[in-house]
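1. using only what follows, build the 3D model:
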Amino acid sequence: MGIISWIILGLLAGAIAKFLLPGRDPGGFIGTTVIGVAGAFIGGWVSARWLDHPITKQFYDGATWAAAIGGSLVLLILYRILFGDSRR
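-> Numbering: from 1, shown residues only. Below is the predicted model:
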């Protein structure tokens, strides 16, 4: 997959992570989108590096999507823990 595919996957993974973790985010839509893209990259890297599942060249691979969504969820949770009280 190319970089554009990872960005699109990250956008979709961020939207899915936001759907799974509803609530107010300190960064709004833009922050959630950036977290989704970063989560896709980090999830794919963790999957390839430590989980022994290399990144495939197919956009519709379930494990790649799971890694991207998982990475986005982890980053979204960490973001809320670190910056969640900043909107008061």
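
2. for Ile7, which non-adjacent residue is spatially closest?
-> Nearest residue to Ile7 in three dimensions, chain neighbours excluded: Val37, at 5.7 Å (C-beta to C-beta, 6 or more residues apart in numbering). Placement of C-beta: from N, CA and C, glycine included.

3. the one you found is in contact with Gly14, isn't it?
-> Yes. With contact defined as C-beta atoms under 8 Å, Val37 and Gly14 form a contacting pair (6.7 Å).

4. quick check: Gly31 touching Tyr79?
-> Yes. The pair Gly31 and Tyr79 qualifies as a contact (C-beta under 8 Å) at a distance of 7.3 Å.

5. between those two, which one's more packed in?
-> Tyr79 (19 against 15; other C-beta atoms under 10 Å).

6. what's the helix or strand for the more buried one?
-> If you go by DSSP states H and E, Tyr79 is part of helix 62-83.

7. just checking, what packs against that helix?
-> When contacts are defined as 3 or more C-beta pairs under 8 Å, 6 or more residues apart in numbering; DSSP states H and E, helix 62-83 sits against helix 3-20, helix 28-49.

8. how about CSV for these, with distance to Trp65 and mean pLDDT added?
-> Shown next, in CSV, are those (distance: least, C-beta to C-beta, whole Å; pLDDT from 0 to 100):
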stretch, distance to Trp65, mean pLDDT
helix 3-20, 7, 81
helix 28-49, 9, 79
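
9. of those, which is nearest Phe83?
-> helix 28-49 (8.8 Å; C-beta to C-beta).

10. make TSV from the helices and strands packed on helix 62-83 and add distance to Ser72 to it.
-> Listed next are those as TSV, based on distance: least, C-beta to C-beta, whole Å:
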stretch	distance to Ser72
helix 3-20	4
helix 28-49	3
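
11. closest to Val74 out of these?
-> Ranking the helices and strands packed on helix 62-83 by proximity to Val74 (C-beta to C-beta) places helix 28-49 first, at 6.8 Å.

12. run the angle between the closest one and helix 3-20 for me.
-> Relative orientation of helix 28-49 versus helix 3-20 (axes from the mean of the first three to the mean of the last three C-alpha atoms, to 10 degrees): 110 degrees.

13. buried stuff in helix 28-49?
-> 32-44, 47 (16 or more other C-beta atoms under 10 Å).
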